[in-house]
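Student: Sequence below, structure please.
(chains A and B)
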Number of protein chains: 2
Amino acid sequence: MITPVLLTLLLMGADENPAPRLDQVELVDLSHTYDHSTIFWPTSPIGFEHKVLAFGPSGNGYFYSAYTLSMPEHGGTHLDAPIHFSKDAKTVGQLPLTDFYAPLAVIDISEKTATNRDYRLSPDDIAAYESKFGQLQPGTAVAVRTNWSRFWPDVKAYLGDDTPGDASNLSFPGFGTAAAKFLVDRGVSMIGIDTASIDYGKSKNFAVHVVIAGSNIPALENLTNLADLPEKGAWILAAPMKIGRGSGAPARVVAFVPKNLPAD
Amino acid sequence: MITPVLLTLLLMGADENPAPRLDQVELVDLSHTYDHSTIFWPTSPIGFEHKVLAFGPSGNGYFYSAYTLSMPEHGGTHLDAPIHFSKDAKTVGQLPLTDFYAPLAVIDISEKTATNRDYRLSPDDIAAYESKFGQLQPGTAVAVRTNWSRFWPDVKAYLGDDTPGDASNLSFPGFGTAAAKFLVDRGVSMIGIDTASIDYGKSKNFAVHVVIAGSNIPALENLTNLADLPEKGAWILAAPMKIGRGSGAPARVVAFVPKNLPAD
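Tutor: Predicted coordinates for the structure are as follows:
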């Protein structure tokens, strides 16, 4: 029987790589767990605090457990809202869901970061991706894979330095400023990376944050499991806690991977 | 051109209502915003606290804003993990993503709750839904629509009482215990409601929580925008913050609604 969806697909027959159906995807969890080992920026006043309110018999015939949580917005797998680095830009609560949901391009620079922990994504890396997979379309989300998540939660290995309160000697890969501008020009909807910051560890002026925030583009930091994604063909939903005035928020980031991705 | 996805659809031609493609859905935000007005259980020690760490010129040439957040797990739009009411059941961090992602049945009992704020979903309500839309399949998520979200954030209207620290006089609709058992028997993956609790306000034994948690089923509370969803045909992704030992967590709950839902 020809259904409306099927008819649409027939009419779109020229598309060799259509988006999969909601029931034909595998989910990949791109978020680290929040616990005592969650990594925060060295200058954060607190880490992730999880305190017991109750854990045991309630006295009314049932078991009951509950906790409180406290944390800075910018630790663990989280979203930076544009207002984090741009005064008049959007808060978490002002970003529409459509900003968080997009086809996902995964740019793998892990060979370069394996030998240079201060490597930054370059326009050439993006050009290499585009030569293989086609030009990044407006509205695409871009995740950069450095494989840094393999160090989590070893602070020294992940950030390059574990001196409490001192962020002056960090070392890890990030986006380069020219690459960030390139992605803004392409009209990307969101960027993300599997390190602690979209700016590399040695940055002192956070130029990538300034460029991205200034364009009202949200960013994801401390992603994981990017190695489980295809370079093209997956979709992403970054679901930040809806903090109305948030400059950022913990996010449960989910990738939808086609169960049977057509061979390239 | 016949693609693998298209071929699958052709072979499944008998399905008149297939899941839509990822690029053929509208997103509906089922989460309330977290701010000073977020509603928590009356006995909660704190509400949602959002404190400024920085907001202004950084002194290094760029603007910078950041906050901390503190809250009990069980307020605002959140997920109850089974361990909330069942000692040996799963924490938030132990629940797989597949538990949060499912076709969504929306059972509308708003006509009954309009005249009875202590109404509880009954097995007859579920039977009426099934007579119209077919039997609930294993793995389906079920949301009950009471339209209570229209009262948010008016504590008195929403909870039925706004006496601080006193939860003994609450009044709002919920699931009935027999209905909860019925849904467990159907093999539902998750349940949710647009009130403060899956148990109705007058409950003293939280029997629905006990039944649902005892079956390792997660639950969503304080949902909103259920009126924007079809009774059948949408999908849901409840994305709780990944708190490893959490008895619950704030959740960004998203519904995927087919852009062109076939007429019934």
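
Student: wait, what's in contact with the residue of the stretch 101-250 of chain A found nearest chain B?
Tutor: The nearest approach of the stretch 101-250 of chain A to chain B comes at residue A:239, 3.3 Å away (Cβ to the nearest Cβ). (Glycine included, C-beta is placed from N, CA and C.) Applying Cβ atoms under 8 Å, 6 or more residues apart in numbering or on different chains, we find residue A:239 in contact with A:100, A:251, A:252, A:253, A:254, B:237, B:239, B:251, B:252, B:254.

Student: My read is that the second one contacts residue A:81, right?
Tutor: Read it as residue A:251. No: in this structure, residue A:251 is not within contact of residue A:81 by Cβ atoms under 8 Å, at 10.7 Å.

Student: okay, and the common contacts of the two?
Tutor: Residues touching both residue A:251 and residue A:81 (Cβ under 8 Å, 6+ apart) are residue A:240.

Student: Flag the shaky bits of chain A, pLDDT-wise.
Tutor: A:1-17, A:261-264 (pLDDT under 70).

Student: Just grab the bridge partners of the one residue sitting closest to the centre of it for me.
Tutor: Using Cα atoms, centre = their mean, the residue of chain A that lies closest to the mean C-alpha position is residue A:220, 3.1 Å off. Using DSSP bridges, the beta-bridge partners of residue A:220 come out as residue A:79, residue A:192.

Student: just checking, it touches residue A:248?
Tutor: No: judged on Cβ under 8 Å, residue A:220 makes no contact with residue A:248 at a distance of 10.0 Å.

Student: shared neighbours of these two, which are they?
Tutor: By Cβ under 8 Å, 6+ apart, the residues touching both residue A:220 and residue A:248 are A:78, A:79, A:80.

Student: so which of the residues you listed comes closest to residue A:243?
Tutor: residue A:79 (9.7 Å; Cβ to Cβ).

Student: Tell me which stretches of the stretch 101-250 of chain A form strands.
Tutor: Counting by DSSP state E, counting those that start in this stretch, residue ranges of the strands within the stretch 101-250 of chain A are A:101-108, A:120-121, A:141-145, A:174-175, A:190-193, A:219-221, A:234-240, A:248-258.

Student: Can you tell me which of the ones you listed is packed in deepest?
Tutor: Ranked by mean neighbour count, the strands of the stretch 101-250 of chain A are led by strand A:174-175 with a mean of 31 (mean count of other Cβ atoms under 10 Å in any protein chain shown).

Student: helices and strands around it, which ones?
Tutor: strand A:120-121, strand A:190-193 (3 or more Cβ pairs under 8 Å, 6 or more residues apart in numbering or on different chains; DSSP states H and E).

Student: can you list contacts of the last one?
Tutor: Strand A:190-193 is contacted from outside by A:30, A:99-100, A:102, A:141-144, A:146, A:173-175, A:180, A:183, A:198, A:212, A:217-221, A:223, A:236, A:238, A:253, using Cβ under 8 Å, 6+ apart.

Student: Repeat that for the shortest one.
Tutor: Contacts made with strand A:120-121 from outside it, assessed by Cβ under 8 Å, 6+ apart, are listed as A:107, A:109, A:144, A:173, A:174, A:175, A:176, A:179, A:200.

Student: what comes up buried for stretch A:79-94?
Tutor: In terms of neighbour count (16 or more other Cβ atoms under 10 Å in any protein chain shown), stretch A:79-94 has its buried residues at A:79-86, A:89-94.

Student: That one: how far from the chain's middle?
Tutor: Its chain's C-alpha centre and that of stretch A:79-94 lie 15 Å apart, by Cα atoms, centre = their mean, to the nearest Å.

Student: ends of it, how far apart?
Tutor: 13 Å (Cα to Cα, to the nearest Å).

Student: Identify each of the helices in the stretch 1-150 of chain A and give its residue range.
Tutor: A:4-11, A:110-115, A:123-133 (DSSP state H, counting those that start in this stretch).

Student: what are the C-alpha coordinates of the shortest one, in CSV please?
Tutor: Written as CSV, here are the backbone C-alpha positions of helix A:110-115 (Å, rounded to 0.1, in the frame of the first residue of the first chain):
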residue,chain,number,x,y,z
SER,A,110,42.7,11.7,16.0
GLU,A,111,45.7,10.8,14.0
LYS,A,112,47.0,14.3,14.3
THR,A,113,46.2,14.7,18.0
ALA,A,114,47.8,11.3,18.7
THR,A,115,51.2,13.0,18.1
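
Student: In that helix, which residues are buried?
Tutor: Buried, per 16+ other Cβ under 10 Å, within helix A:110-115: A:110, A:113.

Student: Off-centre distance for it?
Tutor: Between the centre of helix A:110-115 and the centre of its chain there are 19 Å (Cα atoms, centre = their mean).

Student: Same check on the longest one?
Tutor: Computed by Cα atoms, centre = their mean, the chain-centroid distance of helix A:123-133 equals 20 Å.

Student: ok, now stretch A:36-52?
Tutor: That offset, for stretch A:36-52, works out to 19 Å (Cα atoms, centre = their mean).

Student: Then stretch A:162-179?
Tutor: Relative to the centre of its chain, stretch A:162-179 is centred 17 Å away, using Cα atoms, centre = their mean.

Student: Next, the buried residues of that stretch.
Tutor: Neighbour-count burial for stretch A:162-179 [16+ other Cβ under 10 Å]: A:167, A:170, A:172, A:173, A:174, A:175, A:176, A:177, A:178, A:179.

Student: can you check stretch A:49-58 too?
Tutor: Result for stretch A:49-58 [16+ other Cβ under 10 Å]: buried residues A:50, A:53.

Student: how far does it sit from the chain's center?
Tutor: For stretch A:49-58, the distance to the chain centre is 31 Å (Cα atoms, centre = their mean).

Student: Could you do stretch A:143-154 as well?
Tutor: 12 Å.

Student: Could you do stretch A:233-249 as well?
Tutor: On Cα atoms, centre = their mean, the centre of stretch A:233-249 falls 9 Å from that of its chain.

Student: ok, back up a step: now distance to residue B:67 too, for the contacts of residue A:239, in JSON lines please.
Tutor: Formatted as JSON lines, these follow (distance: Cβ to Cβ, whole Å):
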{"residue": "A:100", "distance to residue B:67": "20"}
{"residue": "A:251", "distance to residue B:67": "15"}
{"residue": "A:252", "distance to residue B:67": "19"}
{"residue": "A:253", "distance to residue B:67": "20"}
{"residue": "A:254", "distance to residue B:67": "25"}
{"residue": "B:237", "distance to residue B:67": "26"}
{"residue": "B:239", "distance to residue B:67": "21"}
{"residue": "B:251", "distance to residue B:67": "20"}
{"residue": "B:252", "distance to residue B:67": "18"}
{"residue": "B:254", "distance to residue B:67": "24"}
